[in-house]
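Enquirer: sharing a model that was predicted from the sequence below.
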Amino acid sequence: MIFRERALSKAVDRLERALEEQDEVLLNEAFHALSGAIQDAKPASRVEAGPRMAALLPRVPMGAEGILAVMVGACVEHGADPQACSEPILAGVGEAMRDVMEFPALWEDTVGGELPERNHLVLGEVVERIAAIGGMDARKFGAVSAWMQLPLWEMAGVAVLLHAGVRRAAQADGTLVALVEEAARGDADLKCLRYLLKMFEDEPLVVLHRPSGTGYRVRVTRIGDNFQLHTLLAHLLVGGGHIAGDAPSAEVVAAYRDAVPDGQPQATGVFNLCAADGSWIWNEGCPADIPLVDGERLLVLDPPTYGRTWNAGRFYPALPGDLTLEAVLTRADTEAYLAKTGPTRAWPDAA
């Protein structure tokens, strides 16, 4: 048993030695040992190993760093210090997003056709296909490596960004926030990373319920997507007796706050979420999609245009979220806000 407990520490020792000696055979052995040791390690071993592995990320050869980043993220998920692990992981995430934007053009100029599926296990095969036609250099390899490893980098980034201190620092810096939006305009979706980087910790929101002519001030806390926002709004406004309708069940509300749902409780759409200009705010989006109007986020609730149900559960299960009602607006204030809105579009793409 004691040997199993020390296996992870010894595997990190082996990785350090491989990098110091630049021994490719030993490096492969170290990665193999790490992947098995992390699965079997006790939490204390992961806590100790996480920062050690994170410190080695900048020295790992290109093409393998995403794999190590995921291992570090796994240690963070089991108690390793996210602050100590975050800097090299997020630096790698940023570099991968810069490099990945060059890959589609590189592929089109060489192999052409449908872009390859992102799978780090076939990185070498894609490198060979491109090199056979257009040669290979460090810049090209960086683009290929980023493309094939991007899901790994996203997983590792999410693992550290789930922690509020890391997330706030990244949001304040702004670099990753801008990069992930630019990268997502291409083929990469990066939804898990994007929504975390845009997550509100304590954001005021003005909500107007157009059918009843009522308005509310609420506060958004760690809400991952608009399915969660939609359901918690229904709980506050319908369940709170402010407007008519069918309130979500206690089980559904708990699943969107902090509980692990038992089975798959069903949530039902109560509203059509809209921006002040009448455009739709999709449930699949996140609260940051709600535009500012005169410095305030303004959300309009219209009747649903079609029936919709979904499985209740937080987009980020590890993060509890909440929506709190701060005030019911006066009729005069509600009318003033409604005057800033336009009619709901019959279909989201309608002009």
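Expert: It's in. Numbering: from 1, shown residues only.
Enquirer: check contacts around residue 213.
Expert: Neighbour list for residue 213: 331, 334-335, 338 [criterion: C-beta atoms under 8 Å, 6 or more residues apart in numbering]. Where C-beta positions appear, they are placed from N, C-alpha and C, glycine not excepted.
Enquirer: mind giving me the ChimeraX select for those residues, buried ones only?
Expert: Filtering the contacts of residue 213 down to the buried ones (16 or more other C-beta atoms under 10 Å) takes a single ChimeraX command:
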select :334
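Enquirer: can you show me the helices along the chain?
Expert: For the chain, the helices defined by DSSP state H occupy 2-21, 24-40, 43-56, 65-77, 82-100, 103-109, 123-134, 138-161, 164-173, 175-184, 191-197, 226-237, 250-257, 331-338.
Enquirer: format these as CSV; extra columns: distance to residue 293 and mean pLDDT.
Expert: Listed next are the helices of the chain as CSV, based on distance: least, C-beta to C-beta, whole Å; pLDDT from 0 to 100:
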stretch, distance to residue 293, mean pLDDT
helix 2-21, 52, 86
helix 24-40, 48, 93
helix 43-56, 42, 96
helix 65-77, 38, 97
helix 82-100, 31, 97
helix 103-109, 36, 96
helix 123-134, 46, 96
helix 138-161, 28, 96
helix 164-173, 22, 97
helix 175-184, 21, 92
helix 191-197, 22, 96
helix 226-237, 17, 98
helix 250-257, 26, 97
helix 331-338, 8, 98
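Enquirer: give the contact list for the residue lying closest to residue 147 once chain neighbours are set aside.
Expert: Leaving aside its chain neighbours, residue 147 sits nearest to residue 103 (4.1 Å; criterion: C-beta to C-beta, 6 or more residues apart in numbering). Residues near residue 103 by C-beta under 8 Å, 6+ apart: 115, 143-144, 146-147.
Enquirer: please apply the same query to residue 296.
Expert: Contacts for residue 296 (C-beta under 8 Å, 6+ apart) come out as 204, 206.
Enquirer: could you do the one 4 residues further on as well?
Expert: Residues counted as contacts of residue 300 (C-beta under 8 Å, 6+ apart) are 208, 210, 273-276, 278, 341, 344.
Enquirer: which one of those residues is nearest residue 107?
Expert: The nearest member of the contacts of residue 300 to residue 107, counting by C-beta to C-beta, is residue 275 at 36.3 Å.
Enquirer: was I right about that closest one contacting residue 302?
Expert: No - Residue 275 lies out of contact with residue 302 (C-beta atoms under 8 Å); the separation is 11.2 Å.
Enquirer: who's more crowded, those two?
Expert: Ranked by neighbour count (other C-beta atoms under 10 Å), residue 275 and residue 302 place residue 275 first, with 20 against 17.
Enquirer: now the more buried one: closest residue in space, sequence neighbours ignored.
Expert: Leaving aside its sequence neighbours, residue 275 sits nearest to residue 291 (C-beta to C-beta, 6+ apart; 5.2 Å).
Enquirer: okay if I get the contacts of residue 213 as TSV plus distance to residue 75?
Expert: Converted to TSV, those look like this (distance: C-beta to C-beta, whole Å):
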residue	distance to residue 75
331	55
334	50
335	54
338	51
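Enquirer: closest to residue 252 out of the contacts of residue 213?
Expert: Nearest member of the contacts of residue 213 to residue 252, counting by C-beta to C-beta, is residue 334, at 27.7 Å.
Enquirer: relative to residue 231, how far out is the nearest residue to that closest one once chain neighbours are set aside?
Expert: Closest residue to residue 334 apart from its sequence neighbours, by C-beta to C-beta, 6+ apart: residue 215 at 3.5 Å. Computed as C-beta to C-beta, to the nearest Å, the residue 215 to residue 231 distance reads 20 Å.
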